[in-house]
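> Dropping a prediction and its sequence here:
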Amino acid sequence: MTAYLQHLLDFIGLHPNLAIAAAFLVSACEALPIIGLFSPSTVVLVGIGGLVGLGKVSFWPAFIATILGATIGDATSYWAGRIYKERFAEIWPFTRYRGLWAAGQRHFDRHGGKSIVIGRFVPGIKPVVSGVAGMMGMGVFRFTILNLLSAIAWAAVHILPGVSAGLAISGLNVISKRLAVFIAVLVVGTVLAIWLMKVVIRLGLRYLTRLQGTLVGWANGRNDRIGYAIERLAAPHHADFRLFIVMNMILIGAVIAFFALLEDVMTKDAVVRFDQSFGQFLQSLRTTWTDMAMVNITMLADWPVTSALGIVGCVVLLINRRFRLATGLLIALVSTMMFVQSMKLLVHAQRPIDIYSGADAFSFPSGHATMTATLYGVLGWIAFRGASATLGKMTVGVCVTLITAVSFSRIYLGAHWPSDVAAGLLFGAGVTAAFALVFRGYEMPRRATTWLIAACAATFLIVGSWHIERDLNQALSFYAPQTQPAVALSKPWRDGGWNELPTYRVDLAGETEEPILLQWRGSTEALQDELLRQGWLVEPAWSLAALNAFVRPDSGPASLPVIPMFNAGRPQAIAMIRPGEQGRFVLRAWPQHAGEPGKPAVEILLGSILFERVEHPLNQLSIPTRTHDRTCNGDALLSSLTNSLKVGENLLGPEWACTGQVVLAW
């Protein structure tokens with residue numbers, strides 16, 4: 001049987017239109033009474049999915065044909081059962097399968113309408129469930145909806161695995177057996193690690209309960225302050241006391257972290273370099289559709305939305321006679337607004353882009369992040385304490401998601417530095433913790449909490465939608481990507497202006513790395529051609545075929561791709577390789593715009609060189625690693641470039657980096 005099916009699938013691959021018809025017919029037969037017992041739907045549909053993955057059949061026609069076939073087949077069974085009622089099972093050849101009809105009826109009695117969805121995936125009874133539904137008088141509209149939804153799910157379960165297999169097979173021609181084995185070992189190891197972690201957590205929770213009981217018993221045996229304190233921390237009925245301790249720790253930690261961050265910003269410590277690197281990195285990733293998403297998210301934290309939410313929250317609390325909570329929420333929001341404006345005027349930190357005026361022109365801290373963290377932090381706390389367990393957790397999850405999304409959108413759009421957002425989140429966490437400490441014993445009725453959640457959710461959707469609909473185009477223009485300003489050189493580049501360009505690479509974390517030894521005034525293509533003439537090689541492009549080199553023990557240094565690196569958030573524009581003894585020299589270059597006095601800005605490529613040794617762990621792999629035991633004279637590798645000039649003093653760097661003088665070339 002399997003051999004015949006294989007020949008059939010080969011024939012279908014040569015005639016793609018037949019694959020669509022086959023998908024429809026086999027799906028329809030699968031749902032017909034009794035006939036479905038003998039329909040090879042799984043084998044055929046997975047095979048057709050494989051043909052889709054191999055590119056021989058279009059996905060959407062095959063997928064839609066499968067859905068239509070399954071829907072029509074079940075509908076045929078349903079209407080036959082609805083018309084013939086009990087006589088349906090008495091028609092030959094259905095009389096030979098009375099046990100199957102009885103099983104289908106028991107399944108329908110147990111699950112009701114859900115049996116249409118469940119039964120489609122249950123072998124044995126799936127050919128009769130729809131007929132039984134018709135016999136039992138299930139409504140036409142309800143059956144049609146369930147039939148269509150379950151058909152979509154059933155088609156996906158049968159088609160998509162085949163598509164994945166086809167895509168995997170299509171890539172096998174560039175994947176070596178060693179790489180396939182390595183990937184398999186990695187997958188199995190990951191699965192085992194996850195399973196082991198679950199086992200450890202399960203055992204840890206079991207023994208944690210025992211430890212809690214032991215601590216409580218030990219503490220009850222002591223009649224001193226230590227025993228009393230441990231008993232309050234460990235006893236199950238002292239959960240409020242533990243919450244009190246946690247909130248105090250959050251409040252103290254938020255205050256300490258905020259002032260530490262403020263000191264770093266004021267003194268322009270490493271956090272400033274991290275801000276610039278990470279911010280520039282995100283700007284390089286911007287696309288039209290992500291801009292649209294981020295602008296929509298950030299607009300949900302604009303003052304019309306947050307003000308409306310704060311007002312509605314206070315009004316609902318007042319209507320439910322929760323006067324203290326309403327006052328606390330109002331104080332939290334007003335103090336947050338005053339804090340943000342005061343800190344902006346005190347710190348005077350400039351934004352990444354110039355988009356505001358007045359006090360709002362300063363960036364520290366982020367007003368959007370601070371207000372969002374405070375507003376949703378306090379509302380989430382009220383919901384968690386007053387609503388049902390499920391609703392409270394869902395509300396907290398939504399609040400955390402909104403806070404995270406808004407905070408990221410401010411960095412992505414270039415409106416704030418990461419440190420601005422971090423400061424806002426710390427302040428919001430501190431306000432939420434203080435609010436929780438003040439009102440930890442305050443009762444919030446469940447009904448009132450539910451009304452508060454519903455009113456705030458409705459306000460968020462209505463006001464947020466109105467605000468986006470009205471001002472989206474203006475916001476898209478407001479937050480449009482802006483090019484980074486060029487470095488303004490005070491003198492011509494070759495006459496000393498080169499010294500005003502960065503001399504060390506800065507990674508995404510803001511750390512200073514290897515020295516910049518090359519300044520190339522020209523295009524990337526011209527630099528690549530010049531280096532090729534000097535004996536350098538273009539790095540292998542990252543691909544499945546290139547990954548094979550990493551899992552071979554005899555791969556040469558020129559066959560291994562280069563790990564990408566960033567300089568001040570900018571991705572590398574070029575990477576070249578020069579094989580050496582036991583390894584390779586790697587040159588990376590990043591673009592930097594600079595303008596000489598009275599001339600337009602031009603692009604200058606800043607390059608660094610490091611030496612990588614190729615290691616062979618267990619004589620099975622080939623891994624390029626930074627070496628710490630070899631000196632590398634970088635300017636000697638670059639001085640042969642046409643129109644090159646060595647300038648300045650020797651630049652030192654990490655042990656694994658090439659050092660030397662800066663080489664100007666054009």
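That came through, no problem. Residues are numbered from 1 along each chain as shown.
> for residue 509, helix, strand, or coil?
Residue 509 falls in the coil class when you classify it by DSSP: H, G, I helix; E, B strand; the rest coil.
> For residue 516, see how far away it is.
For residue 509, the distance to residue 516 (Cβ to Cβ, to the nearest Å) stands at 18 Å. Glycine gets a C-beta too; all of them are placed from N, C-alpha and C.
> between the two, who's got more neighbours?
Each of residue 509 and residue 516 has its neighbours counted (other Cβ atoms under 10 Å); residue 516 has more, 24 against 12.
> Let me know whether that one touches residue 505 as I believe.
Yes: using Cβ atoms under 8 Å, residue 516 is in contact with residue 505, at 6.3 Å.
> what touches both of the two?
606, 608 (Cβ atoms under 8 Å, 6 or more residues apart in numbering).
> show me where the stretch 251-400 of the chain has strands.
Taking DSSP state E, counting those that start in this stretch as the criterion, the stretch 251-400 of the chain contains no strands.
> Helices along that one, start to end?
270-284, 288-299, 303-319, 323-347, 367-386, 389-412 (DSSP state H, counting those that start in this stretch).
> Remind me what the last one packs against, helices and strands.
Just to be clear, that refers to helix 389-412. helix 270-284, helix 288-299, helix 367-386, helix 418-438, helix 446-478 (3 or more Cβ pairs under 8 Å, 6 or more residues apart in numbering; DSSP states H and E).
> any low-confidence regions in the stretch 301-450 of the chain?
For the stretch 301-450 of the chain, the stretches flagged by pLDDT under 70 are 357-359.
> What about residue 214, how many residues nearby?
Residues near residue 214, counting by other Cβ under 10 Å: 12.
> again but with residue 475, I slipped
Neighbour tally, residue 475, other Cβ under 10 Å: 18.
> Kindly report the same for residue 437.
15.
> contacting residues for the nearest residue to it once chain neighbours are set aside?
Excluding the flanking residues, the one nearest residue 437 by Cβ to Cβ, 6 or more residues apart in numbering is residue 247, at 5.1 Å. Going by Cβ under 8 Å, 6+ apart, residue 247 touches 433, 436, 437, 440.
> Then residue 24?
65, 66, 68, 69.
> I figured the last one hits residue 32, correct?
When you say that, I think you mean residue 69. No: using Cβ under 8 Å, residue 69 makes no contact with residue 32, being 10.4 Å away.
> of these two, who's got more company?
The residue with more neighbours, out of residue 69 and residue 32, is residue 69; 25 against 20, by other Cβ under 10 Å.
> Looks to me like that one is in a helix.
Yes: membership of residue 69 in a helix is supported by three-state DSSP.
> if you skip the residues just before and after it, what's nearest to it?
Residue 69 sits nearest to residue 27 (Cβ to Cβ, 6+ apart), 3.0 Å away.
> mind listing what that neighbour touches?
41, 45, 65, 66, 67, 68, 69, 70, 73, 155.
> So, low pLDDT: which residues of the stretch 51-200 of the chain?
Short version for the stretch 51-200 of the chain, where the test is pLDDT under 70: 54, 84-128, 165-185, 187, 191.
> Report the buried residues of stretch 520-532.
Under the neighbour-count criterion of 16 or more other Cβ atoms under 10 Å, stretch 520-532 has 520, 521, 522, 527, 528, 530, 531 buried.
> Turn the residues you listed into CSV, including secondary structure and pLDDT.
Formatted as CSV, these follow (DSSP: H, G, I helix; E, B strand; the rest coil; pLDDT from 0 to 100):
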residue, secondary structure, pLDDT
520, strand, 91
521, strand, 90
522, coil, 87
527, helix, 91
528, helix, 90
530, helix, 89
531, helix, 90
